[in-house]
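Q: Test case, fold it:
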Amino acid sequence: MNIRVGTASWTDPTLIKSKRFYPPGCNSAEARLRFYAGRFPIVEVDSSYYAMPSGANSLLWVDRTPDDFVFNIKAYRLFTGHQTGRDMFPKDIQPALPQNGKKNLYYKDVPADVCQELWRRYLEAIDPLRAAGKLGVVHFQFAPWVTSAPKDAEHVAHCADAMSGYTMAVEFRNKSWFDEKHVASTLAFERERGLVNVIVDEPQGTGNSIPSVWEVTNERLALVRLHGRNHEMWNVKGATAASDRFNYDYSEQELEELADQINAIAALAGQTHVIFNNNYEDQGQRNAQTLMSLFGDSAVIAT
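A: The predicted structure follows:
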């Protein structure tokens, strides 16, 4: 089995401020990535959700990491149905946006030719990672209001068409995709398209939570994302930072139980990626190191 364990981001402000992961003097972007990549074989890039990624950064990341290091990169927020502020678009594209008086725009608001140009730029920016063999999945975390309704499923299919030739992972944020009525059709849709079903561990009982569906829909790769189990903070209002809702430290018993489930799913896929998104201070890094030790020879070790 081939299991890669890592974390979501290596630059979270609370991680840096904690001073418990990076050694003294490890203060530059280059030094931090090199240090991280010496301990983990994979990382998830979150910055590409908030703004279009940069090809120049992709080239730097390729240069600063070992040959077998892998980047999973999140899709730009406009593509995943999230509201997108005008200042989050590339500056030269902002004049082409509709002048409709709205501060935030959705995919449906943006002219088709502008969307097409954004797709082109996005793929161009991540191409250095793919060319170097370091691109894992392009991770689409769809907005909570993207439901299993036909119009929304059509948009997911549209994204899959745009990502043809790439490995696209799909994480839904609306429980309708995996309710009793839709779970079979959702998995069939993912399999038909070759989409990677993102297996999540997260608080349950809310409309924007989905169950852990331990199914492989692309035989080449399985992806498990661990958000923590902080029920109180999952939908808290007025959080000072996004990491507040992911403030959760997995116990060793919880990690042992997860390891058993991940081992079972890893037997069904060519590769398995496990990403800790409990990115508050150094919790994700500590939990990831513990989980790697539980996998033994099945885990890919950083080089």
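Q: As a check, name the ranges of all strands in the stretch 1-150 of the chain.
A: Remark: strands assigned in the stretch 1-150 of the chain by DSSP state E, counting those that start in this stretch are 3-8, 42-45, 70-74, 84-85, 104-105, 135-141.
Q: Do me a favour and average the pLDDT over the third one.
A: Per-residue pLDDT over strand 70-74 has a mean of 98.
Q: Packing partners of it?
A: For strand 70-74, the packing partners by 3 or more C-beta pairs under 8 Å, 6 or more residues apart in numbering; DSSP states H and E come out as strand 42-45, helix 47-50, helix 112-131, strand 135-141, strand 271-276. Quick note: C-beta positions are derived from backbone N, CA and C, even for glycine.
Q: and the strands of the stretch 1-150 of the chain as TSV, adding mean neighbour count and distance to Ser298?
A: Listed next are these as TSV, based on neighbours: other C-beta atoms under 10 Å; distance: least, C-beta to C-beta, whole Å:
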stretch	mean neighbour count	distance to Ser298
strand 3-8	27	5
strand 42-45	24	14
strand 70-74	24	16
strand 84-85	17	39
strand 104-105	15	44
strand 135-141	25	17
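Q: how about these, which one is nearest Asn278?
A: strand 3-8 (8.5 Å; C-beta to C-beta).
Q: could you check the angle strand 70-74 makes with that closest one?
A: 50 degrees (axes from the mean of the first three to the mean of the last three C-alpha atoms, to 10 degrees).
Q: starting at the chain centroid, how far to the helix or strand Gln253 falls within?
A: Using DSSP states H and E, Gln253 falls within helix 252-266. Relative to its chain's centre, helix 252-266 lies at 20 Å (C-alpha atoms, centre = their mean, to the nearest Å).
Q: Can you list the buried residues in it?
A: Glu254, Leu255, Leu258, Ala259, Ile262, Asn263, Ile265, Ala266 (16 or more other C-beta atoms under 10 Å).
Q: can you give me the helices in the chain?
A: Using DSSP state H, the helices of the chain run over 13-18, 29-37, 47-50, 55-63, 112-131, 150-162, 183-193, 252-266, 283-295.
Q: Mind putting the helices and strands packed on strand 70-74 into CSV with distance to Gly6 and mean pLDDT?
A: Shown next, in CSV, are the helices and strands packed on strand 70-74 (distance: least, C-beta to C-beta, whole Å; pLDDT from 0 to 100):
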stretch, distance to Gly6, mean pLDDT
strand 42-45, 4, 98
helix 47-50, 15, 96
helix 112-131, 15, 98
strand 135-141, 10, 98
strand 271-276, 6, 97
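Q: In the stretch 201-303 of the chain, where is pLDDT below threshold?
A: For the stretch 201-303 of the chain, applying pLDDT under 70 flags the ranges 237-243, 303.
Q: same thing with the stretch 1-150 of the chain?
A: In the stretch 1-150 of the chain, residues with pLDDT under 70: 1.
Q: buried residues in stretch 77-92?
A: Arg77, Leu78, Phe79, Thr80, Gly81, His82, Gln83, Thr84, Met88, Phe89.
Q: Looking at the residues you listed, which two lie furthest apart in space?
A: Counting by C-beta to C-beta, the most remote pair of the buried residues of stretch 77-92 is Gly81 and Phe89, 15.8 Å apart.
Q: Report the buried residues of stretch 182-190.
A: His182, Val183, Thr186, Leu187, Phe189, Glu190.
Q: List just the nearest of those to His139.
A: Once C-beta to C-beta is applied, the member of those that ends up nearest His139 is Glu190, at 13.8 Å.
Q: these two touch, right, the closest one and Thr217?
A: Yes: under the criterion of C-beta atoms under 8 Å, Glu190 makes contact with Thr217 at 3.9 Å.
Q: Now do the shared contacts for those two.
A: Common contact partners of Glu190 and Thr217 (C-beta atoms under 8 Å, 6 or more residues apart in numbering): Val196, Asn197.
Q: ok so, going back, among the buried residues of helix 252-266, pick out the one closest to Ser18, please.
A: Closest approach to Ser18 among those (C-beta to C-beta): Leu255, at 20.1 Å.
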